[in-house]
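*Asks:* Attaching a predicted model along with its sequence, questions to come.
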Amino acid sequence: MIVDYTKVPQIYLVCGKTDLRRGIDGLASLVQENYNLDPYSEALFLFCGNRSDRYKALYWDKNGFMLLYKRLETGKLQWPRNSQEVQLLNAQQIRWLLEGLSINQPRAIGQAVKGYIS
């Protein structure tokens, strides 16, 4: 089963650089020890290494961990590198990130209100 991130209640982005040689146990202990978060909760944790063309995702699906790894063939992710913190993302921000955009968009088109453009 692949994780549908739009149905995951919490998505955490681990900012900065993570050693992607770590496996499930190493990433789960990083989440617990460094950020005081529960890797066994219904949350998706995203990690990026030195290179911004690959990332890992860790997810507990109630009977075991899933570790997803993706390497982009072209382009790079705009991963926040400013500090060693965790950011809680919404579905829109994760979509932006995985499309190569910044998670903090300074402008966005407003939603139309029935018959009117805002």
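*Replies:* Done, it's in.

*Asks:* In a helix, residue 55, correct?
*Replies:* No. Assessed with DSSP: H, G, I helix; E, B strand; the rest coil, residue 55 is strand; it does not lie in a helix.

*Asks:* how near is it to residue 70?
*Replies:* 6 Å (CB to CB, to the nearest Å). Backbone N, C-alpha and C define where each C-beta goes, glycine included.

*Asks:* Leaving out the residues flanking it, which one is nearest to residue 16?
*Replies:* Spatial nearest neighbour of residue 16, excluding adjacent residues (CB to CB, 6 or more residues apart in numbering): residue 84 at 4.5 Å.

*Asks:* Check residue 6 too.
*Replies:* Residue 6 sits nearest to residue 91 (CB to CB, 6+ apart), 5.1 Å away.

*Asks:* any idea which element the residue nearest to residue 50 when sequence neighbours are not counted lies in?
*Replies:* Using CB to CB, 6+ apart and skipping residues adjacent in sequence, the residue nearest residue 50 is residue 17, 5.5 Å away. According to DSSP states H and E, residue 17 maps onto no helix or strand at all.

*Asks:* which stretches of the protein form helices?
*Replies:* For the chain, the helices defined by DSSP state H occupy 24-35, 91-98.

*Asks:* Those helices: which one's closest to residue 76?
*Replies:* For residue 76, the closest of those is helix 91-98, at 11.3 Å, according to CB to CB.

*Asks:* Report the rounded mean pLDDT for that closest one.
*Replies:* For helix 91-98, the mean pLDDT works out to 88.

*Asks:* ok, now how distant is the residue nearest the centre of the chain from residue 106?
*Replies:* Centroid-nearest residue in the chain, with CA atoms, centre = their mean: residue 46, separated by 3.7 Å. Distance of residue 46 to residue 106, computed by CB to CB: 22 Å.

*Asks:* again with residue 12
*Replies:* 23 Å.

*Asks:* quick one, which of these two is more surrounded?
*Replies:* residue 12 (20 against 5; other CB atoms under 10 Å).
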